[in-house]
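S.K.: Predicted structure and sequence below. I'll ask about it afterward.
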Amino acid sequence: MQTQIERFNMTENEKMEAFLARIDRGEKIEADDWMPDDYRNQLVKLISMHGMSEIMGALPEKEWVPKAPTLRRKLAIMAKVQDEMGHGQLLLRVAEDLIAPLGKTREDLMQDLFTGRLKFHNVFHMEAPTWADAGVIGWLVDGAAIITQSMSLDTSYAPYARALHRICAEEKFHAQHGESIVLELAEGTAEQRQMLQEAITRWWPSLLMFFGPPENGNITSNQASNMRYKIRTQTNEELRQVFLKKYLPRIFHLGFTLPDDTIYFDEAEDKWVYQQPDWEAFKQIVKGNGPRSAHRLNLREMSYEETKWVRDAIMSFGRQVG
Amino acid sequence: MEAKANETFFIYEVFSQKSVSASFVHQFSLLAPNEEVALTMARENFLRREPCFNLWVVKRDNIHGLPPEERPFLERLDNKSYRETKGYGDLQARWRHHKEKYEEQQKHAGNGS
């Protein structure tokens, strides 16, 4: 136990040592605890990216709200879009409390998104041209998200863990919503099955990219420090293998194929061996040069600008009466 | 009037009560310009599925908590058994002992008559 005076007298090195010892003991860090700048920066980067991805992720699915095939499907996909925006709100709150000591707010995060400084997930730069894409997004993209987020439930940063507990519960509904659409199409006509096959083929490289480049024995410095801080506990490739083991059998059980003839399960190594996607293309996509990057960012920025008067009006009214 | 979001939106902490007999539980926080919007957003953000009986929003500025360095002092030394039921674990056995002793005496008294 330390008193305030003792903390005040600690050198930066001693604070860092005490912090790492807390992490090693499995303690959780709160927003107002002392933390190294590096830890704060890694969290801000990760959580703001996650939060913005939730919001940007609602956009490709929102395109399918007016065109959903039945009323029940329309209600379900609307609910999912609403959930994603809610997840964005939770995560942005966590990020905001981290950047508050730096004098920054949500406005800065929004501007960073618009200028491209703040990235969002590769999958949300892609097109969703058919109803089968809506199904595949729910089933496999949300399925992939559940795997990453479940790993992070035990993250050392307590506010992020609390947000993820809420989020994971709802993502399970999303995955089931997607499975339901996919099974309906898979059990449907030849035309429906072809539509689904095309969507799986289209999403395959994006799904491999979802977890980020493999380490090939060299964990990047970001991954290494995030694991040291127990922000995350598994590498990109480990997460990807969890995903492949869970979902590839299901794709095959439905009689669908992947655009990779070489893929096989290596029993001895206990892992799927697959053709690498184009990681140069991945870099370009997350940089904002994906097929729908500009369109969706414009949509987000336009919506933010067009509703500015509402925020201003509520604020000035609230101040007058409050 | 142009509001600066940086300065004017407030952080509200949200608490909800599942049923009339349940305690209020902290849910999460949100940003809102006033209480009315905060209550609406709290319903949108946190009550899309869960049952709810009542809802509070509290401006974070009005919540006073312990600073990190004082939190460790909340940990209680485990030497207060006299305050807790577990400090009185011998009672059951002693009651049983008296009951058995009494029943034994009754039995002998009965035999003797």
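M.R.: Structure's in. What do you need? The structure presented is a predicted model; accordingly, all values stated were derived computationally and were not measured.
S.K.: Is it correct that A:S150 is in contact with A:A169?
M.R.: No - judged on Cβ atoms under 8 Å, A:S150 makes no contact with A:A169 at a distance of 11.1 Å. Bear in mind the C-beta positions are built from the backbone N, C-alpha and C, glycine included.
S.K.: Of those two, which one has the most company?
M.R.: A:S150 (16 against 11; other Cβ atoms under 10 Å in any protein chain shown).
S.K.: Quick check: pLDDT value at that one.
M.R.: Looking at A:S150, its pLDDT reads 93.
S.K.: does the host helix or strand of A:L90 come close to chain B?
M.R.: According to DSSP states H and E, A:L90 maps onto helix A:71-99. Yes - with Cβ under 8 Å from any Cβ of the partner chain as the criterion, chain B is reached by helix A:71-99 at A:79, A:82-83, A:86, A:89-90, A:93, A:96-97.
S.K.: Where does the prediction get shaky in the stretch 201-322 of chain A?
M.R.: A:217, A:219, A:318-322 (pLDDT under 70).
S.K.: can you give me the helices in it?
M.R.: A:221-228, A:236-253, A:279-284, A:293-306, A:308-321 (DSSP state H, counting those that start in this stretch).
S.K.: Out of those helices, which gets nearest to chain B?
M.R.: Among those, the nearest to chain B by Cβ to the nearest Cβ is helix A:308-321 (3.5 Å).
S.K.: chain center to the closest one: distance?
M.R.: Between the centre of helix A:308-321 and the centre of its host chain there is 32 Å, according to Cα atoms, centre = their mean, to the nearest Å.
S.K.: now do stretch A:91-108
M.R.: 18 Å.
S.K.: Endpoints of that stretch, how far apart?
M.R.: Across its full length, stretch A:91-108 reaches 15 Å between end residues, using Cα to Cα, to the nearest Å.
S.K.: Run through who's touching that stretch.
M.R.: Stretch A:91-108 is contacted from outside by A:31, A:40, A:43-44, A:47-48, A:50-52, A:54, A:109, A:159-160, A:163, A:167, B:5-6, B:9, B:11, B:28-31, using Cβ atoms under 8 Å, 6 or more residues apart in numbering or on different chains.
S.K.: What are the buried residues along that stretch?
M.R.: Residues A:91-99, A:104-106, A:108 are the ones in stretch A:91-108 that count as buried (16 or more other Cβ atoms under 10 Å in any protein chain shown).
S.K.: circling back to that earlier point, the contacts of stretch A:91-108 in helices, which ones?
M.R.: A:40, A:43-44, A:47-48, A:50-52, A:54, A:109, A:159-160, A:163, A:167, B:5-6 (DSSP state H).
S.K.: hmm, which of those are the buried ones?
M.R.: Here, 16+ other Cβ under 10 Å leaves A:40, A:43-44, A:47-48, A:50-52, A:54, A:109, A:159-160, A:163, A:167, B:5 buried among the ones in helices among the contacts of stretch A:91-108.
S.K.: Contacts only, for the residue lying closest to A:L183 once chain neighbours are set aside.
M.R.: For A:L183, ignoring the flanking residues on the chain, the nearest one in space by Cβ to Cβ, 6 or more residues apart in numbering or on different chains is A:L254 at 7.9 Å. With contact taken as Cβ under 8 Å, 6+ apart, A:L254 is in contact with A:182-183, A:186.
S.K.: ok, now which ones touch A:S156?
M.R.: Per Cβ under 8 Å, 6+ apart, neighbours of A:S156: A:23, A:27-29, A:229-231.
S.K.: again, only using 6 Å
M.R.: Residues counted as contacts of A:S156 (Cβ atoms under 6 Å, 6 or more residues apart in numbering or on different chains) are A:23, A:29, A:229-230.
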